[in-house]
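Sharing a model that was predicted from the sequence below.
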Amino acid sequence: MKKIKAREYARQHRMSLFQVIKKIQKGELRGEQIEENGVNVQYVLLDGESEHAHDRIPASGVPVRETDPGTEAEIAEELRALRREIALLRRELERCCRGT
């Protein structure tokens, strides 16, 4: 079981410290409070992976859902679908923002 400071957990999950403390109090997250150098420090307890580890938010700000990659054929098909979607979005963007 891994434990990290509530403040660090909040930073990693782009939440406020208040939201993290509230989740601990509601029982949505497991936590403990430890006195270090005369100051109470709140920790979040993680079982290997956190409950929201599958919903990472990279620097782009768009959530990325981690899944089992599957076979090479599935990956290739997904890549083709993503390329089609990107091409469609580029056309939409060009059509929408042509005058600017």
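Everything's here; your move.

And residue 45, its phi and psi?
Residue 45 adopts backbone torsions of phi -100, psi 130, taken as degrees, to the nearest 10.

Just list the residues touching it, thanks.
When contacts are counted by C-beta atoms under 8 Å, 6 or more residues apart in numbering, residue 45 is found next to 1-3, 29-32. Every residue, glycine included, has its C-beta placed from N, CA and C.

Now stretch 27-46: average pLDDT?
The average pLDDT for stretch 27-46 rounds to 89.

Would you state the helices of the protein in chain order?
Under the criterion DSSP state H, the chain contains helices at 6-12, 17-26, 72-96.

between those, which gets nearest to residue 46?
For the helices of the chain, the distance to residue 46 is smallest for helix 6-12, at 8.2 Å, taking C-beta to C-beta.

Tell me, how many residues neighbour residue 42?
Residue 42 has 16 neighbouring residues, counting by other C-beta atoms under 10 Å.
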